[in-house]
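Asks: Task: produce atomic coordinates for the following.
(one chain, ligands or ions: 1)
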Amino acid sequence: MCTRHKKYIYLVLVVVVVVVVVVVVGVGVGVVEVEVVILVVVVAVVVVVVLVVVVVEVVVVVVVYGWYDFKTPTIVLRDLDLIKDVCVKHFANFPNRRAVVKLDPPFDQNLLSLFDDHWKRVRSAVTPTFSSGRLKKMCRHVERNARLFHKILDQKQESNEEIELKEIMSRMTMDTIASTGFGLDTDTLNQPDNQFSKNAKEFLNPNVAAFLVAMLLPFMSKIFNALGVKFVSQSATDFFEKVVDAAIQERKESGNAGKMHDFLDLVINAEEKDKDDTEEKGKGAGSLSRKEVMGQALIFLLAGYDTVSSVLSFTLFLLAKHPEHQRLVQEELDSKLAGASDQEDMIPKYEEVQNLPYLEQCINEAMRMFPPGILIDRVCTEEITLHGVKFPKGMTVILPIYAIHMDPDIWEEPREFRPERFSPDAKEARHQFAFFPFGHGPRNCIGMRLGQLELKIVLASVLRRFDVVPCQKTVYPVKLEPLKLAAKDGLWVRLERRRKQQL
Ligand code: HEM
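Replies: Okay, here's the model as predicted:
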């Protein structure tokens, strides 16, 4: 039960006890009639009984609540131990996400949407792409894009331009995902309307209306499929298939195939093992069918673009509004990175960003307040009872990330930006599952370490070079769009060059 409810219940109980004592004393001194005593005791008993019922009800309402999504029982968990059990301890009973809409091939083969053993095989084949060794190699793409990004920021700073962070960060992360994943040089930073960016935006903006209808009325998904309504743009999917094919061809011809250790190499390796290109092939760990490979290429683009750009922009925006925390980050960067990086461009290296605890605290606090994913879900595949709550087979389990990140019983004044919440002591004192922007357990975000690396390299390099300050268009507190955690009025700031002696 949460402490707020407890407080009210204790208050009412104290009032009841005080009234009873006053009345009994009143009888003792002869100012209250016996009938009044009987009446007061009856009322007190009724109040206590009602309270007991409410307490039980509150326990049920606060720990979990649910509804029927037509015939599918759906439950929302608030209890952190239950969340831990579902995601980690009893993962075997909850291995999949719900299939909200039926996707078209090859996108239907993406990790996010796969089930059971099929998911397990693809996940273990893709996991090596994100090993420390490969991340280190991918880092040079992140650094190169950060360098190009600085040139744009320099121009904007020199002309004292106001900057909408989400827009410019999206362009930068688009280039980063294209180069880290596929070795492509897309230059979206300088050419925001290039073909790659146009198709990515089209692909990333699915048929929202159909998607929402299918979410609210699951049976409509089948009707949409029968009518040929697409949830994801076919032309954009075709475009990316061609882009990936051309990139593979180019790498093979240049003799670099297998040497770059990025996602494209995984594609090429998979091809070698799976020459006859059928969906049924690629059953061994490490081997993927051509469609599976394309499915992962598309989900990397989808999952790695908007998420990272959103956290980058919210973190910088919050630091602009909280200069005292920005100073602390800059002091950390000055002391830990001084002399170790290339002084000219201020881009820290892979090893250097591994030890920036205060920057990490600020990033975590920004992700607590504005997690790119509002919730995650799992489906129960085998009945189980956990902490007295029965999960029947087929039940959808919702794990509400945003609601838990904003729960005042876990986070005091949750709307305040307080990076100190993530100090080692504060973390130690809190339930480990109170913060989960990347999900939890074996099905958590596979790109987490790449995402964190990008965040730290880009933020460290920007904050070493510039002070980020509010401007006329800054709207704070942030007003959110109705259906996603995006700022309705944009995230506007201005840049000021840091004075030499601070560097
Ligand atoms: C700040 C950055 C990111 C955030 C906050 C984020 C968040 C998430 C969340 C909440 C999930 C669901 C986890 C669960 O159900 O337990 C997820 C899954 C996933 N993410 Fe990320 N993500 C980020 C970056 C990335 C990047 C850079 C990539 C790829 C390059 C990526 C690829 C994926 C994939 C493929 C899955 C599905 C994993 C599976 O089902 O096995 N994400 N992410």
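
Asks: Contact partners for G451?
Replies: Taking C-beta atoms under 8 Å, 6 or more residues apart in numbering, we find G451 in contact with 304, 307-308, 311, 438, 445. C-beta coordinates here come from the backbone N, C-alpha and C atoms, glycine included.

Asks: Try it again at 10 Å.
Replies: For G451, the contacting residues are 130, 173, 303-304, 307-308, 311-312, 363, 367, 372, 437-438, 445, by C-beta atoms under 10 Å, 6 or more residues apart in numbering.

Asks: what does H405 give?
Replies: H405 sits next to 365, 367-371, 374, 411, 414, 434-437 when contact means C-beta under 10 Å, 6+ apart.

Asks: of those, list those near the ligand.
Replies: The residues of these that also fall near the ligand, by C-beta under 6 Å from any ligand atom, are P437.

Asks: could you dump the contacts of G451 to JSON lines with secondary structure, pLDDT and distance to A297?
Replies: Shown next, in JSON lines, are the contacts of G451 (DSSP: H, G, I helix; E, B strand; the rest coil; pLDDT from 0 to 100; distance: C-beta to C-beta, whole Å):
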{"residue": "F130", "secondary structure": "helix", "pLDDT": "88", "distance to A297": "15"}
{"residue": "T173", "secondary structure": "helix", "pLDDT": "92", "distance to A297": "16"}
{"residue": "A303", "secondary structure": "helix", "pLDDT": "85", "distance to A297": "11"}
{"residue": "G304", "secondary structure": "helix", "pLDDT": "85", "distance to A297": "11"}
{"residue": "T307", "secondary structure": "helix", "pLDDT": "94", "distance to A297": "17"}
{"residue": "V308", "secondary structure": "helix", "pLDDT": "96", "distance to A297": "17"}
{"residue": "V311", "secondary structure": "helix", "pLDDT": "98", "distance to A297": "22"}
{"residue": "L312", "secondary structure": "helix", "pLDDT": "98", "distance to A297": "23"}
{"residue": "I363", "secondary structure": "helix", "pLDDT": "98", "distance to A297": "27"}
{"residue": "M367", "secondary structure": "helix", "pLDDT": "98", "distance to A297": "26"}
{"residue": "P372", "secondary structure": "coil", "pLDDT": "94", "distance to A297": "20"}
{"residue": "P437", "secondary structure": "coil", "pLDDT": "98", "distance to A297": "24"}
{"residue": "F438", "secondary structure": "coil", "pLDDT": "98", "distance to A297": "21"}
{"residue": "C445", "secondary structure": "coil", "pLDDT": "96", "distance to A297": "17"}
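
Asks: So which of the residues you listed is surrounded by the most neighbours?
Replies: T173 (29 neighbours; other C-beta atoms under 10 Å).

Asks: Of the contacts of G451, which is the nearest to Y350?
Replies: If you rank these by distance to Y350 using C-beta to C-beta, F130 comes first, at 13.6 Å.

Asks: pretty sure the closest one is touching N444, no?
Replies: No. Contact between F130 and N444 fails when scored by C-beta atoms under 10 Å: they sit 11.8 Å apart.

Asks: re earlier: show the buried residues in the contacts of H405.
Replies: Burial by neighbour count, 16 or more other C-beta atoms under 10 Å: within the contacts of H405 this picks out 365, 367-371, 411, 414, 434-437.

Asks: Pick the one among the residues you listed closest to the ligand.
Replies: P437 (4.6 Å; C-beta to the nearest ligand atom).

Asks: Can you show me the helices along the stretch 201-350 of the chain?
Replies: Assigned by DSSP state H, counting those that start in this stretch, the stretch 201-350 of the chain shows helices spanning 208-216, 219-227, 234-253, 263-273, 290-321, 323-337.

Asks: okay, the ones you listed in CSV with distance to G451 next?
Replies: Formatted as CSV, these follow (distance: least, C-beta to C-beta, whole Å):
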stretch, distance to G451
helix 208-216, 24
helix 219-227, 30
helix 234-253, 20
helix 263-273, 14
helix 290-321, 5
helix 323-337, 19
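
Asks: Out of the ones you listed, the one nearest the ligand is which?
Replies: helix 290-321 (3.2 Å).

Asks: Return the set of buried residues in that closest one.
Replies: So, applying 16+ other C-beta under 10 Å, buried residues of helix 290-321: 290-321.

Asks: what's the distance between D467 and the ligand?
Replies: According to C-beta to the nearest ligand atom, to the nearest Å, D467 stands 24 Å off from the ligand.

Asks: Y402 and P371 touch, don't they?
Replies: Yes. Using C-beta under 10 Å, Y402 is in contact with P371, at 5.8 Å.

Asks: Next to the ligand in this structure, residues from the stretch 351-500 of the chain, please.
Replies: So far as C-beta under 6 Å from any ligand atom goes, the stretch 351-500 of the chain lies against the ligand at 372-373, 376, 437-440, 443-447, 450-451.

Asks: ignore the last one, the stretch 51-200 of the chain
Replies: Within reach of the ligand by C-beta under 6 Å from any ligand atom, the stretch 51-200 of the chain has these residues: 111-112, 123.

Asks: which among these end up buried?
Replies: Counted by 16+ other C-beta under 10 Å, these give 111-112, 123 as buried.

Asks: Correct me if wrong: L112 contacts I446.
Replies: Yes. Contact criterion C-beta under 10 Å: L112 and I446 qualify, at 9.4 Å.

Asks: and for the two, which residues touch both?
Replies: Between them, L112 and I446 share the contacting residues 296, 299, 303, judged by C-beta under 10 Å, 6+ apart.

Asks: if you skip the residues just before and after it, what's nearest to V126?
Replies: Spatial nearest neighbour of V126, excluding adjacent residues (C-beta to C-beta, 6 or more residues apart in numbering): Q296 at 5.8 Å.

Asks: thinking again about what came up before, closest to V142 out of the residues of the stretch 51-200 of the chain next to the ligand?
Replies: The shortest approach to V142 among these belongs to L111, at 21.8 Å (C-beta to C-beta).

Asks: List the residues that contact that closest one.
Replies: Contacts of L111 (C-beta under 10 Å, 6+ apart): 118-119, 122-123, 125-126, 292, 295-296, 299-300, 303, 443, 446-447.

Asks: what's the closest of these to D104?
Replies: Closest approach between these and D104, by C-beta to C-beta: G295, at 10.6 Å.

Asks: residue contacts, the residue lying closest to that closest one once chain neighbours are set aside?
Replies: Distances taken as C-beta to C-beta, 6+ apart put Q109 closest to G295, at 3.0 Å, once the chain neighbours are dropped. Counting by C-beta under 10 Å, 6+ apart, Q109 makes contact with 103, 118, 122, 279, 288-296, 298-299.

Asks: ok, back up a step: kindly indicate which of the residues of the stretch 351-500 of the chain next to the ligand lies nearest M260.
Replies: Using C-beta to C-beta, those come closest to M260 at L450, 15.1 Å.

Asks: so the closest one makes contact with V126?
Replies: No. Using C-beta under 10 Å, L450 is not in contact with V126, being 11.9 Å away.

Asks: No more questions from me, cheers.
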